[in-house]
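1. Turn this into a model:
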Amino acid sequence: MDTSTKSSEVVVGRNTGDIFKFEADVEFSEGTRTFGVRFYEDEDKAESYQFVFNTTENRYVFEKKPNWPWPANQNIGLERPIDLIPGKKYNIRMIVDDTIATIYVDGVALNARAFKRPGESLSLFASEGSLKVTNCKVTTGLK
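-> Got it, this is the predicted structure:
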């Protein structure tokens with residue numbers, strides 16, 4: 001994904017159901033503002049949950065998109081610090097089991113609850129920069 005002035009999104013899975021796993025290696029370029037993973041997405045309404053990596057704040061957070069009416073999702077404490085370095089490869093693994101979403105970034109976990117399921121799409125996004133994604137795999141119907 002390459003987007004120098006706006007945000008770009010690529011759907012990597014549809015019809016994920018309520019139990020699925022996502023894994024990929026990602027690298028972002030210098031100047032990239034944010035990137036992340038959206039899940040339970042309704043593509044028509046642009047409503048989802050997301051894990052957002054904010055490169056200027058060196059952290060990743062869980063939030064609802066859009067997060068209105070304020071505060072639709074109390075995400076206080078739903079973040080992890082991380083050294084976000086351009087060009088470094090990060091392994092992202094996310095497991096969603098109904099209302100529980102757990103993301104691992106290089107082995108560090110963050111758990112969150114997603115009570116409403118707007119849709120069943122899974123996507124990656126980046127804003128004001130580029131994101132290289134390799135070894136991308138989506139597995140549905142885990143038992």
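2. so what's the residue positioned nearest the centre of the chain scoring on pLDDT?
-> Nearest to the geometric centre of the chain sits residue 37, at 1.7 Å (Cα atoms, centre = their mean). You'll see residue 37 listed with a pLDDT of 98.
3. ok, which stretches of this structure are strands?
-> 2-13, 19-28, 34-42, 47-54, 59-65, 79-81, 90-97, 100-105, 108-113, 121-140 (DSSP state E).
4. Tell me which of these is the most buried.
-> strand 34-42 (a mean of 23; mean count of other Cβ atoms under 10 Å). (C-beta placed from N, C-alpha, C; glycine too.)
5. Quick check: neighbours of that one in the sheet, parallel or antiparallel?
-> strand 47-54 (antiparallel), strand 121-140 (antiparallel) (DSSP bridges).
6. So which other helices or strands are in contact with the one helix or strand in the chain whose mean pLDDT sits lowest?
-> The weakest-scoring helix or strand in the chain, judged by mean pLDDT, DSSP states H and E, is strand 2-13 (a mean of 86). Under the contact criterion of 3 or more Cβ pairs under 8 Å, 6 or more residues apart in numbering; DSSP states H and E, strand 2-13 touches strand 19-28, strand 121-140.
7. Neighbouring strands - and their directions - for the first one?
-> According to DSSP bridges, strand 19-28 forms sheet pairs with strand 90-97 (antiparallel), strand 121-140 (antiparallel).
8. From residue 4, how far out is the residue lying closest to the residue nearest to the centre of the chain once chain neighbours are set aside?
-> Among residues not flanking residue 37 along the chain, residue 51 sits closest, at 5.0 Å (Cβ to Cβ, 6 or more residues apart in numbering). In this view, residue 51 and residue 4 are 23 Å apart by Cβ to Cβ, to the nearest Å.
9. Quick one: closest of the strands paired with strand 19-28 to residue 105.
-> strand 90-97 (5.7 Å; Cβ to Cβ).
10. quick one: contacts of that closest one?
-> With contact meaning Cβ atoms under 8 Å, 6 or more residues apart in numbering, strand 90-97 is reached by 16, 18-27, 37, 39-40, 51, 101-107, 114, 142.
11. pLDDT of stretch 88-104, averaged?
-> Mean predicted lDDT for stretch 88-104 stands at 96.
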